[in-house]
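> coords please:
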Amino acid sequence: MDKIISWLHVSDIHFASATGWRDNHSRGTLLTYLKELFKGSEVQKPDLIFCTGDIAFGELKSDSLSAQYESARVFFDELRSVCGEDGSPLPLDRLFIVPGNHDIDRSKVNKHAQLAYSSFAKQSQQFSQDINSQFDSRSTEFRDAVRRLSAYEEFVKSYLPHQHDVNGRLQYALECRINDITVGVAGFNSAWTCAGDEDDRNLWLAAEWQFNAARNKISGSDIKIGLIHHPSDWLVLCDRDISNTRIPSEYDFWLHGHSHNAWVSPGNTHVVIAAGAVGAETSAEFGINITTVNLSRRSCATNLHAKKSGASNWTNAPVADHAPTGKWEYQLPTRVVAMAYSKGYCQDQREHNTSLSMPISISQSNEPGDEGLVLRYFSRRLDESLRSFSTHPNKWVDRTISEVSEVSKDVSSAKKIDIGDIIKNPLSALIKAPPQYGLTCLAHYITVEAWKQRPSQLFLYLDARTLQPHKHSVNQAVSDELQLLGRRSEEIKCVILDSFNDDKNTIKILEIVNDLFSNVALIVMQQINPGNFSITQLKCAGRTFTEYYLWALSRNIMRNIVATYNESRVIGDEDVVTARLANDLEVLNLHRTPLNCITLLKVSEFDFDESPVNRCDIIRRVLFLLFNVDALPSYKSRPDLKDCEFVLGYFCEGLIRENKFLFARDKFLVDVQAFCRANLIDLETHSVFDILFQNNIIVSVGHFFRFRFSYWVYYFAAHRMHHDREFAKFILEEMRYSLYPELIEFYTGIDRRREDALSILTNDLKTLHQKVDAHLGLPSDINPYKFAIWKPSEAVVTQMEEELANGVKDSNLPTIIKDQYADKSYDKQRPYNQEINKVLHDHTFVYMLSAMSAGARALRNSDYAAADVKKTLMQEILNCWRQATKVLFVLLPLLAKNGYALYDGIGFALGDGFGEEENERFMKILTCIPGNIATWTRDDIYSRKMGPLLIDQLNRKDLGEIERHELILTLVLTRPRDWEKAVQRYIAECARNSFYLMDLNQALRHQYSVGYISDKPTLAAVEFLIKMSITKHLTGERQPTQKSFKKIKGDILPERLGDRDEQ
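Numbering: from 1, shown residues only. Sure thing, here's the model as predicted:
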């Protein structure tokens, strides 16, 4: 006979005569519904009943708390009768309750003392010890605070004496035996400092005391269940941190109420179950659940039940993806599985092969079949990471890994790395890629392929986002993973650390992982920001990392994605769709990543009247599909997209203001529901969350959630800026937008005429680049390139160096920077980087770069803004280019000597091909600065519609030579309409031996040789310009023509290597 226990979980009943006309029917029909439900064989009667708070409604003049509890007594007696066996009610000692915020008597709240508790909450860590001491000693302050729960205490004392706390703390920890299983139940009091609307994140639990007291009493229980009214994110910060640490390590199931949102959050260590309300105002709030734990089969299921407002009865409550019929199935926490095996409760795996979805709890046994279960677990995790939209099939696509970045000049000869070689001979490596490139998918793919090897190789996956920067957190994560897989630490061949970046917390996590696995290969997946020129000097004791780069997709792989997509939803001819996909990615400045390809293909499923021209349009179209095309469970009503954008904008405003992007599901639903009520919006918020979650816009991180990519937050927040002037002012003032360039991009892209933002950006950029210029103090006309010729002599090189050195010597820069020019053998050990960090931070260079990025994106999206406004902003952006170029002039000696220069989290590093000698490096760096400025800024500034504005700037008489050249290089890289005419005019203006003509020729040759040029007219234009520039250099003819080209002997075109994306 199977070892089974089950429980019924109710919450937020809210007994009150004033709402009896509504809630009596709900409670009565619930009893009837449960009675009928238990008659069948599908759901067995519960062994326990849990009520997680808000039994009463609160002290009312016409309805005292004691009267409300009398009504509760009657209801619980009827509920016990329904759940009982053989005509006998379920025993009273099987009913467990905890207090909630509605169970307090607000008239007994000492307002002055409450203000103190709220004040302490702002510095919770400082006052944590005092609060726990008050709770322990039952101090005068504590006894005064807990008076608000005196009616609740009397109810428990008279009705449920088994859980009465004689010490008046209203918490307990008890054990009971069910089917020979010892169940420990701990009831936590989270209501003793409740007072009103200000409770959110201000509640004191005295967490350390309550967790310690409970642990001492139920540490030996087979199954440990914690009951509390409030979700942990309602507690003060220190109690929240303690709870989030202690719950996973000390409890198998954690039940709460309060938010009126039914949900199950299964995890490897524990399961969090939230109940809806029995007494509620709207359909979305109703909910109870019944959980059944089968130790013999190592399985668990929570049946969700709800009631539509105004409906006559309760019914099953489906949840998309998780519980299509209302039955949410999941595997038991690993501790419970281990306990079940140790006591012989589990039946043989071969006899009882469950059909539950992964993840699978795998035993410590070495029985045949375990390896297959591990593979299923790894494969399911890979499948989940590949998940994009609910209607799109998940499939791995081959990726290119190389020793050099895909933007390196040596990319054509770069060595490609076989993933199989990484698996067969694991070594410590750093794999770099920008966000959304698929590093997490790659990590899971490697673990799957490694396990398929014979013999199987265990690559242990750790996610830095779910770890805390201390040893206990890392050790616990490793232990949990090994226990889940049923493997030993000696079997680990490699550790993969995902979600690494260069902030101090993840660096600390890396150091801990390195120490823990000092003799095991370590692969680190590092996200790099393509808009930030920083590099990470990754150093770990006793370990050297090989650097690899994950590249964007080739055109051939994009074609494979199209073919796979067409198999499930036919879009069109494979060639046509692939060409359009490549073109749309180019127009929108989106990287060729699997997710971006699938997103655009999703948009292409339906024909729209106009082609999207900015990312804001792309996202809007994707959302339109998700909210209007993909299926929803039948019980859900389809939310209106505009309503969703409106309320999600409000929610994302809160995330940005608080700078906290992890949130509980309860917080999402509570905040959005409150906003809807305040604004009289009828929106089924559960449906909104389900759509976002099932389409991977919101993803889970442990028991919390986040938007998978930050641009979703910024998109919704941009809509909020349109609707709320105060929030728009908050973002635009004090240059806060520099922290969120994408937010400005979307804000301006919604209607494409946000002249308010453009004006602010123009003024701020002007102020910033003037500050940088003033503090650098370099001559305004500094220009080493004016001395350069196509093939410079040693004397000309010396003249160029003197131009830079003299400019720096007379500048306002600190002595330490001037010394780098005066003495190229400056001591490497001198802490130069710290000095330059201080200097450039004071010069606001970092802020200028961020604001420049925001300004460029805003300008790119402002099609309908006044021409003068756009021209003025473009001028200031070009002025910023000028200052960025000057800063690189300053850093030249450092780059030539050390290969990198770091400051304030931003760094410049040399790629390959700069040579070994310092003087050689110096000249090569100097000549490639304009090209790098153009490359760094093009993704922010360019769309095809920007062509006229960029070309118009070339006509400015006050435009400097260097900025003009950088602008021409940008045209060569992006090739908008009429670009070749502008370049022809530029060639005609250049001196025949000038650096500018030489550099332009090199840029054109590079594009001709390895650039992505798919159409013959563009290729012909590049070929013509190469010939024109060389002819100009050799003959001096002002504007060479096809006829002039014939004067040049030999083949002057570089080898055409073909499009890299076809490789």
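
> what's the burial count for Thr292?
18 (other Cβ atoms under 10 Å). Every C-beta, even on glycine, is put in place using the N, C-alpha and C of the backbone.

> that one should be in a strand, yeah?
Yes - according to DSSP: H, G, I helix; E, B strand; the rest coil, Thr292 belongs to a strand.

> contacts only, for it.
Applying Cβ atoms under 8 Å, 6 or more residues apart in numbering to Thr292 gives the contacts Ile4, Ile5, Ser6, Val43, Gln44, Cys300, Ala301, Thr302, Asn303.

> what about the second one, which SS state?
Judged by three-state DSSP, the three-state class of Ile5 is strand.

> and what of the fourth one?
Here Val43 is coil, with the state taken from three-state DSSP.

> show me the contacts for it.
Val43 makes contact with Leu37, Ile290, Thr292, Asn303 under the criterion Cβ under 8 Å, 6+ apart.

> any idea which of those the model trusts least?
Lowest pLDDT of the contacts of Val43: Leu37, 92.

> mind listing what's buried in stretch 15-30?
Residues of stretch 15-30 classed as buried: Phe15, Ala16, Thr19, Asp23, Ser26, Arg27, Leu30 (neighbour count, 16 or more other Cβ atoms under 10 Å).

> re earlier: which one of the contacts of Thr292 is nearest to Phe668?
Thr302 (20.0 Å; Cβ to Cβ).

> tell me the strands beside the host helix or strand of that closest one, with direction?
Thr302 belongs to strand 299-307 when elements are defined using DSSP states H and E. Its sheet considered, strand 299-307 pairs with strand 288-294 (antiparallel), strand 314-316 (antiparallel), strand 327-331 (antiparallel) by DSSP bridges.

> can you say which of those strands is packed in most?
Most buried of the strands paired with strand 299-307, by mean neighbour count (mean count of other Cβ atoms under 10 Å): strand 288-294, with a mean of 23.

> may I have that one as CSV, with CA atoms only?
Output in CSV follows, covering the C-alpha atoms of strand 288-294 (Å, rounded to 0.1, in the frame of the first residue of the first chain):
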residue,chain,number,x,y,z
ILE,A,288,-8.1,26.7,-2.5
ASN,A,289,-5.8,23.7,-3.0
ILE,A,290,-5.5,20.1,-2.0
THR,A,291,-2.0,18.5,-2.1
THR,A,292,-1.3,14.8,-2.1
VAL,A,293,2.2,13.4,-1.4
ASN,A,294,2.9,9.9,-2.5
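
> all strands for the stretch 1-150 of the chain, in order.
For the stretch 1-150 of the chain, applying DSSP state E, counting those that start in this stretch gives strands covering 4-10, 48-51, 95-97.

> any chance of those strands in TSV, plus mean pLDDT?
Formatted as TSV, those follow (pLDDT from 0 to 100):
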stretch	mean pLDDT
strand 4-10	96
strand 48-51	98
strand 95-97	98
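
> for these, which one sits closest to Gly187?
Closest among those, using Cβ to Cβ: strand 95-97, at 6.0 Å.

> who's in contact with that closest one?
The contact list for strand 95-97, computed with Cβ under 8 Å, 6+ apart, reads 48-53, 55, 76, 80, 156, 160, 163, 174, 185, 187, 227.

> repeat for stretch 640-658
623-624, 627-628, 661, 663, 668, 671-672, 675-676, 679, 681, 683, 685, 688, 707, 713-714, 716-721, 723-724, 727, 730-731, 740, 743.

> those residues in strands, which ones?
Phe707 (DSSP state E).

> which elements pack onto the helix or strand where Ala186 lies?
Assigned by DSSP H and E, Ala186 belongs to strand 181-187. When contacts are defined as 3 or more Cβ pairs under 8 Å, 6 or more residues apart in numbering; DSSP states H and E, strand 181-187 sits against strand 48-51, strand 95-97, strand 172-178, helix 207-218, strand 223-227.

> check contacts around Asp130.
Counting by Cβ under 8 Å, 6+ apart, Asp130 touches Phe120.

> alpha carbons only: can I get stretch 203-222 in CSV?
Extracted in CSV, the C-alpha atoms of stretch 203-222 (Å, rounded to 0.1, in the frame of the first residue of the first chain):
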residue,chain,number,x,y,z
LEU,A,203,6.7,43.6,8.5
TRP,A,204,8.8,42.3,11.3
LEU,A,205,8.8,38.5,11.8
ALA,A,206,11.7,38.2,14.3
ALA,A,207,12.7,35.5,11.8
GLU,A,208,15.8,34.3,13.4
TRP,A,209,14.0,33.6,16.7
GLN,A,210,10.9,31.9,15.1
PHE,A,211,13.0,29.7,12.7
ASN,A,212,15.3,28.6,15.5
ALA,A,213,12.4,27.8,17.8
ALA,A,214,10.6,25.7,15.2
ARG,A,215,13.8,23.9,14.1
ASN,A,216,14.4,22.7,17.6
LYS,A,217,11.0,21.1,17.8
ILE,A,218,10.5,19.4,14.4
SER,A,219,14.1,18.8,13.2
GLY,A,220,13.4,15.0,13.3
SER,A,221,10.2,15.0,11.3
ASP,A,222,9.9,13.1,8.1
